[in-house]
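>>> below are the sequence and a predicted model for it; my questions follow.
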Amino acid sequence: MREAPTWRIPFGVLALCVALGLYGMAVATWIAPLIQRWPALLQTPVYIVLGVVWLLPLKRFLIWMETGRWG
């Protein structure tokens, strides 16, 4: 027997979309202007790190969405 979906899943998806949008805008408006004059070989690792760092809290957030617990 399956449990009925809770409010956490749609709320979590919306919150994730909003948070990623805000994070992307923050990177584009604050970080990008600081490093735009750097050589591409120096910019690349910065953007790789910034592209991966948002994944760090994602596991705990997805666990919360499914179970209601943070870990």
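That came in fine, so what should we check first?

>>> what does stretch 39-53 contact?
27, 31, 35, 36, 38 (Cβ atoms under 8 Å, 6 or more residues apart in numbering). The way it works is simple: take the backbone N, C-alpha and C, and place the C-beta from them, glycine included.

>>> just checking, which helix or strand of this structure averages the lowest pLDDT?
Ranked by mean pLDDT, DSSP states H and E, the helix or strand of the chain with the weakest confidence is helix 58-67, at a mean of 89.

>>> give me the helices and strands touching it, please.
helix 8-26 (3 or more Cβ pairs under 8 Å, 6 or more residues apart in numbering; DSSP states H and E).

>>> now the helix it packs on and helix 58-67, what's the angle there?
If you take axes from the mean of the first three to the mean of the last three Cα atoms, to 10 degrees, helix 8-26 sits at 160 degrees to helix 58-67.

>>> skip the chain neighbours and tell me the closest residue to the residue most central in space within the chain.
Geometric centre of the chain, nearest residue: residue 54, 3.8 Å, by Cα atoms, centre = their mean. Distances taken as Cβ to Cβ, 6 or more residues apart in numbering put residue 23 closest to residue 54, at 5.6 Å, once the chain neighbours are dropped.

>>> so who does residue 6 touch?
Counted by Cβ under 8 Å, 6+ apart, residue 6 has contacts residue 68.

>>> try it again with 6 Å
Applying Cβ atoms under 6 Å, 6 or more residues apart in numbering to residue 6 gives no contacts.

>>> now it. Its backbone dihedrals?
Dihedral pair for residue 6: phi -100, psi 170, per degrees, to the nearest 10.

>>> picking up where we left off before, show residues contacting the least confident helix or strand of the chain.
By Cβ under 6 Å, 6+ apart, helix 58-67 touches 8, 9, 12, 70.

>>> which members of these are the farthest-apart pair?
The span of the contacts of helix 58-67, defined through Cβ to Cβ, is set by 9 and 70 at 15.6 Å.
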